[in-house]
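S.K.: mind looking at a prediction? Sequence and model below.
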Amino acid sequence: MINASSVSGITTNNVTSGPTIAYIGFKQRPVSDAIKTLAEIAGFDWWIDSGADLHFVAENATDSGYILKGGSGTDANIKSARFTTD
């Protein structure tokens, strides 16, 4: 169990079930290290969104909603990309 006092204010509305791990211990490690290790074992991605909600989902289960397009159509070979926000 992760000590709830270590993650005060974080919700878990977007945490999905994964494999059962019989036992794993984390002594005096940051909670983020524990979550990262669990995600690696489970094959999951994780992040905390701007609303302070933890997302813990299977790898490749979500997309960003952005589509990359090259200069010469949808089959263009994209070697690098830059993301900017308006």
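M.R.: Received, thanks. Computed from a predicted model, the values in this text were never measured in an experiment.

S.K.: flag the shaky bits of this protein, pLDDT-wise.
M.R.: 1-7, 68-81, 83-86 (pLDDT under 70).

S.K.: now the helices: where do they sit in it?
M.R.: Along the chain, counting by DSSP state H, helices occupy 31-42.

S.K.: distance of the residue positioned nearest the centre of the chain relative to Glu59?
M.R.: Note on the chain: the residue nearest the mean C-alpha position is Trp46, at 1.9 Å, using CA atoms, centre = their mean. For Trp46, the distance to Glu59 equals 10 Å [CB to CB, to the nearest Å]. C-beta here means a position set from N, CA and C on the backbone, and glycine is covered the same way.

S.K.: which neighbours do those two share?
M.R.: The overlap between the contact sets of Trp46 and Glu59 (CB atoms under 8 Å, 6 or more residues apart in numbering) is empty.

S.K.: my guess is the residue nearest to the centre of the chain meets Leu54, correct?
M.R.: Yes: between Trp46 and Leu54 there is a contact under CB atoms under 8 Å: 6.8 Å.

S.K.: between the two, which contacts overlap?
M.R.: Counting by CB under 8 Å, 6+ apart, the common neighbours of Trp46 and Leu54 are Ile35.

S.K.: distance-wise, check Tyr66 relative to Gly51.
M.R.: 20 Å.

S.K.: and for Pro30?
M.R.: 21 Å.

S.K.: same question for Asp45.
M.R.: 17 Å.

S.K.: neighbour count: these two, which is higher?
M.R.: Shown here are Asp45 and Gly51; by other CB atoms under 10 Å, Asp45 has more neighbours (14 against 8).

S.K.: so how far is stretch 32-45 off the chain centroid?
M.R.: Put simply, stretch 32-45 sits 9 Å off its chain's centre (CA atoms, centre = their mean, to the nearest Å).
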